[in-house]
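Peer 1: Provided below for reference: sequence and predicted model.
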Amino acid sequence: MSNKNKGKEVIKIRSHKRFRIKRYLTVYRECVKVAFASASTYRLNFLLNCTIMLLGDIIFPLITVLIYGSGAGFKGWTVYEVLLIQSIFTMSTAIADMTFHGVMWVTMDMVRNGNMEMVLILPIDTMFILMARTFSFEGIGLFIGGLTIFMVALFNISAPSILMWLQFIALFIIGVLVMLGIALIMAAISFKWIGNSRIPEIFGSIRSFGKYPQSIFPKSVVFATSILIPVAMIAYYPAAALLGRCNWEVFVVILPCFLFLLFGIYLYRYMIRLYQGVGG
């Protein structure tokens with residue numbers, strides 16, 4: 001093939017990639033518009049759901065305040081440092097609820113009702129379109145609540161440096177990706193474990209280990225929550241970055257986080273390939 005033909009082929013490939021990216025962005029934008037229209041139409045329902053989500057997740061910080069108020073606490077951690085961890089966990093959960101957490105429920109519903117075939121024939125990635133369809137604004141209240149506690153906790157600790165902030169932002173994003181991995185694994189399991197609402201409860205119990213300082217757990221638990229299912233990255237390690245407690249362990253944990261996400265993506269796509277019709 002001549003250099004001229006090679007150049008045309010490269011241009012064609014790049015043009016195709018730009019078209020795909022533009023199409024995906026357009027689809028996601030339309031899904032966000034639909035979510036906004038739904039929230040605007042059913043305003044009372046939207047406000048009630050936001051309030052219920054906020055009250056449900058705000059209990060843990062309140063319990064922490066009561067524990068420290070009674071004279072007890074977590075050794076080596078002040079009340080505001082623990083609140084910092086839990087506020088970051090709340091904000092991560094809110095972002096996940098708004099963007100991709102609903103993928104398990106929509107997958108389970110489509111497999112049970114036999115609607116998955118209608119998605120599989122669409123000229124767009126199945127995993128992407130299902131996550132886009134689950135976009136919701138109901139997590140905004142939860143995010144604002146978490147952000148409020150975050151600001152209060154941050155005001156009562158030493159001011160982080162610019163490097164600490166950069167580390168926090170990077171680790172916070174990685175923590176959200178871990179949440180995405182969990183959501184995809186739950187959705188993949190729902191292909192076979194159809195109609196079982198206990199799946200989120202199981203993973204929710206595991207995820208709750210990320211709400212607390214890892215130093216209070218035995219080494220075996222820390223290994224599991226940092227390497228096997230790295231839920232500690234959701235809140236503990238980002239908070240540790242702001243508190244200046246980052247060490248070499250953080251860099252060791254980053255790789256398992258990406259591997260966990262890749263496993264979730266692979267497992268979900270694999271279960272889609274195995275899908276044979278109504279009931280999985």
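Peer 2: Ah, there it is.

Peer 1: alpha carbons only for contacts and neighbour counts from here, please
Peer 2: Fine.

Peer 1: excluding its backbone neighbours, what's nearest residue 100?
Peer 2: In space, residue 100 comes closest to residue 131 once its chain neighbours are excluded; the distance is 5.1 Å by CA to CA, 6 or more residues apart in numbering.

Peer 1: you'd agree that neighbour is up against residue 98?
Peer 2: No: between residue 131 and residue 98 there is no contact, the gap being 10.0 Å when judged by CA atoms under 8 Å.

Peer 1: picking that back up, so the residue nearest to residue 100 versus residue 105, what's the distance?
Peer 2: Relative to residue 105, residue 131 is positioned 10 Å away (criterion: CA to CA, to the nearest Å).

Peer 1: Contact partners for the spatially most central residue of the chain?
Peer 2: In the chain, the C-alpha closest to the average C-alpha coordinate belongs to residue 179, at a distance of 3.1 Å (CA atoms, centre = their mean). Applying CA atoms under 8 Å, 6 or more residues apart in numbering, one finds that residue 179 lies in contact with 92-93, 96, 231, 234.

Peer 1: Check which helix or strand it maps to.
Peer 2: Here residue 179, judged by DSSP states H and E, is contained in helix 162-189.

Peer 1: how about low-confidence regions in the stretch 1-150 of the chain?
Peer 2: Where the stretch 1-150 of the chain drops to pLDDT under 70, the residues are 1-17, 19, 46, 54, 56-57.

Peer 1: hmm, try it at 90
Peer 2: 1-77, 97-146, 148 (pLDDT under 90).

Peer 1: how about the helices in it?
Peer 2: For the stretch 1-150 of the chain, helices defined by DSSP state H, counting those that start in this stretch occupy the ranges 3-41, 43-69, 79-99, 103-113, 116-120, 126-133, 140-155.

Peer 1: and the fifth one, how far out from the chain's middle?
Peer 2: Pointing back at helix 116-120 there. Centre-to-centre, helix 116-120 and its host chain are 25 Å apart (CA atoms, centre = their mean, to the nearest Å).

Peer 1: Same question for it: list its buried residues.
Peer 2: Neighbour counts over helix 116-120 (16 or more other CA atoms under 10 Å) mark residue 116 as buried.

Peer 1: Could you export it as CSV, CA atoms only?
Peer 2: Listed next in CSV are the C-alpha coordinates belonging to helix 116-120 (Å, rounded to 0.1, in the frame of the first residue of the first chain):
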residue,chain,number,x,y,z
MET,A,116,-32.7,-7.1,26.5
GLU,A,117,-33.0,-8.1,22.9
MET,A,118,-34.2,-4.6,22.0
VAL,A,119,-31.0,-3.2,23.4
LEU,A,120,-28.7,-5.7,21.9
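
Peer 1: What is the burial count for residue 125?
Peer 2: Look at residue 125: counted by other CA atoms under 10 Å, it has 13 neighbours.

Peer 1: for it, what are its contacts?
Peer 2: Contact criterion CA under 8 Å, 6+ apart gives no residues in contact with residue 125.

Peer 1: Look up how far residue 198 lies from it.
Peer 2: Plainly put, residue 125 is 27 Å away from residue 198 if you go by CA to CA.

Peer 1: got it, and residue 100?
Peer 2: For residue 100, the distance to residue 198 - CA to CA - is 18 Å.

Peer 1: now residue 38: how far from residue 129?
Peer 2: When distance is defined by CA to CA, residue 38 is 18 Å away from residue 129.

Peer 1: Compare these two and say which is more crowded by neighbours.
Peer 2: Comparing residue 38 with residue 129 by neighbour count (other CA under 10 Å), the higher total belongs to residue 129, at 18 against 15.

Peer 1: Let me see the contact set for that one.
Peer 2: Taking CA under 8 Å, 6+ apart, we find residue 129 in contact with 27-28.
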